[in-house]
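**Student:** please find the sequence and the predicted model below.
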Amino acid sequence: YRYGGLLNGFWTMVRTEGVSSLFKGFGSVALLTPLAHGLYFGSYEWAKKCLIREEGNLGGMSETSAIMSAGFFANTVGALIWNPMDVVKQNQQALVGANTGPWDGLRRAYAQGGMRKGLMRGYMSGLATYGPFSAIYFLTYERFKTFCLGYTPELRTEHFVAGGFMAGGVAGGGTA
């Protein structure tokens, strides 16, 4: 290992590479996270609407199956952006002494292995990890909203925040 612990690593990086070394990879995350989240939540809502069994949708699933499938699907779509973003970010963080931007990091990752073995490296293992998490997360979140509507006619911000925290805890516990 290069460092003798967390604080040693922190001070060594600041001393040898400057304070900016603590933020390597931040540009790619700041640039791509909004797009990934838009795709994630948009694809969840689209898939849920398509999958839930309703009148006229005879091939639909039960609500529980539809929500969990839509959550897993949302992760497969969001990961199309998150995965390359993480590869670029990790490559940038591993470069000692160099603080390159997101476009240079993207070119380097692609040069290392193209799309499949470069930018999308780890996509399937990510799906195996985060797909079930998303399925459980969205099921818990939707059930919490339904529970709250039994006590209040309209959901407020605190319901969504509490539901998000609880869903994250349940999904994390269920997939740990």
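**Tutor:** The structure has been received and is ready for your questions.
**Student:** what packs against the helix or strand bottoming out on mean pLDDT in the chain?
**Tutor:** When each helix and strand of the chain is scored by mean pLDDT, DSSP states H and E, helix 102-113 comes last, with a mean of 86. With contacts defined as 3 or more CB pairs under 8 Å, 6 or more residues apart in numbering; DSSP states H and E, helix 102-113 has these neighbours: helix 26-51, helix 63-94. Quick note: C-beta positions are derived from backbone N, CA and C, even for glycine.
**Student:** so which of these gets nearest Trp11?
**Tutor:** Trp11 lies closest to helix 63-94 among these, at 17.0 Å (CB to CB).
**Student:** chain center to stretch 89-98, what's the gap?
**Tutor:** Here stretch 89-98 is found 21 Å from its chain centre; the criterion is CA atoms, centre = their mean, to the nearest Å.
**Student:** show residues contacting that stretch.
**Tutor:** Contacts to stretch 89-98, defined as CB atoms under 8 Å, 6 or more residues apart in numbering, come from residues 16-17, 24-26, 28-29, 99-100, 102, 105, 108-109, 112.
**Student:** any of those residues buried? List them.
**Tutor:** Glu17, Lys24, Gly25, Ser28, Val29, Asn99, Thr100, Pro102, Gly105, Arg108, Ala109 (16 or more other CB atoms under 10 Å).
**Student:** including distance to Asn8, could these go into TSV?
**Tutor:** Formatted as TSV, the buried ones among the contacts of stretch 89-98 follow (distance: CB to CB, whole Å):
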residue	distance to Asn8
Glu17	14
Lys24	18
Gly25	21
Ser28	27
Val29	25
Asn99	20
Thr100	25
Pro102	29
Gly105	26
Arg108	28
Ala109	29
